[in-house]
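S.K.: Quick one, what's the 3D model for this:
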Amino acid sequence: MPWDFWLIFFALGVLLPWRGRARMKKLLAMTQVSSMERLVLYASTIAFQWLAVAVVGWRVWVHGYSARQLGLVFHGRTRLLLGGLVGAAIMGGLQWLNLRRVGRIPPGSRGGMQAVAERILPQSSLELLPYLALAATAGLCEEFLYRGFVMAALSSAGLGAWVVVLVSSLLFSLAHSYQGTGGMVMTLVVGWLLGASRLAYNSLVPAVFWHASVDVVAGVAGRRYLGRNTT
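M.R.: The predicted structure follows:
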């Protein structure tokens, strides 16, 4: 594997998780996060993710990776869109049901999830639109990074398909370590499903829909069931 790919893997597996945990620690130390601080968080995360995609995209282009290797193909348009929309409805629905279940638990028994939700999820209509832009960005950018670049690089290095899915899912889970152990486990499962879709469809399109739907529902249902006004 090229040296610059190793640097990217180091960034995804070490630097990015560290950055996320450091930012969350800072947020949790605050008594309350203002609307402006959440908007700045959303904007900075969007900018950072697109910058990461630009850098990684540059390096894969330098090394001659094709759009097909990266899953950036739109063949069988109807099949891809149908798979993306149906999967998004299922995964979004499961996310909604899970958040509704958590919302029925007394606030004091929700652990760190409540504190995290109050600080990073939108708490007003003003914050919702920028958050939805962040959810769409995460669907596009994170899928390119983890199911596009990571899976393509590991496959080119000779690893088996399901080992590639597992490693990409572990890196994806580490990137969400700021959510705590429970969040990492859930993200690992979601990452495995997204990786499986990448193999099944040979495209990132369905995974982008599925990923974005989970994040969109987290913002909408999280505000409803875990927001400050519900506790």
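
S.K.: Which pLDDT value does the model give the nearest residue to Gly183 once chain neighbours are set aside?
M.R.: Spatial nearest neighbour of Gly183, excluding adjacent residues (Cβ to Cβ, 6 or more residues apart in numbering): His176 at 5.7 Å. Any C-beta I mention is one placed from the backbone N, CA and C, and that applies to glycine too. pLDDT, His176: 93.

S.K.: and His176, what is it in contact with?
M.R.: Taking Cβ atoms under 8 Å, 6 or more residues apart in numbering as the criterion, His176 is in contact with 20, 183-184, 187.

S.K.: Now tabulate those in TSV and tack on pLDDT.
M.R.: Shown next, in TSV, are those (pLDDT from 0 to 100):
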residue	pLDDT
Gly20	92
Gly183	84
Met184	91
Thr187	94
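
S.K.: Output those residues as TSV; include the columns distance to His211 and secondary structure.
M.R.: As requested, the contacts of His176 are exported to TSV (distance: Cβ to Cβ, whole Å; DSSP: H, G, I helix; E, B strand; the rest coil):
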residue	distance to His211	secondary structure
Gly20	17	helix
Gly183	15	helix
Met184	16	helix
Thr187	11	helix
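
S.K.: which one of those is nearest Leu72?
M.R.: Thr187 (23.2 Å; Cβ to Cβ).

S.K.: Quick one: residues contacting the closest one.
M.R.: Thr187 is in contact with 172-173, 175-176, 179, counting by Cβ under 8 Å, 6+ apart.

S.K.: Quick one, which of those residues are buried?
M.R.: 172-173, 175-176, 179 (16 or more other Cβ atoms under 10 Å).

S.K.: just checking, which of those residues belong to strands?
M.R.: Per DSSP state E, strands hold no members of these.

S.K.: List the contacts of the lowest-mean-pLDDT helix or strand in the chain.
M.R.: Least confident helix or strand, the chain: helix 112-120 with a mean of 82, by mean pLDDT, DSSP states H and E. Here helix 112-120 makes contact (Cβ under 8 Å, 6+ apart) with 24, 27-28, 30, 33, 38, 41, 102, 107, 178-180, 182-183, 222, 226-228, 231.

S.K.: Stretch 84-101 too?
M.R.: 190, 193, 197, 205-206, 208-210, 212-214, 216-218, 221-222, 224-226.

S.K.: That one: how far from the chain's middle?
M.R.: Distance of stretch 84-101 from its chain centroid, counting by Cα atoms, centre = their mean, to the nearest Å, is 15 Å.

S.K.: residues near Leu193, how many?
M.R.: Here the count is done by other Cβ atoms under 10 Å, and Leu193 has 18 residues near it.

S.K.: name the element it belongs to?
M.R.: helix 180-201 (DSSP states H and E).

S.K.: buried set for that helix?
M.R.: 180, 183-184, 186-188, 190-198, 201.

S.K.: Likewise for stretch 72-85?
M.R.: For stretch 72-85, a neighbour-count test (16+ other Cβ under 10 Å) marks 72-73, 80, 83-84 as buried.

S.K.: ok, now stretch 20-27?
M.R.: Residues of stretch 20-27 classed as buried: 20, 24, 27 (neighbour count, 16+ other Cβ under 10 Å).
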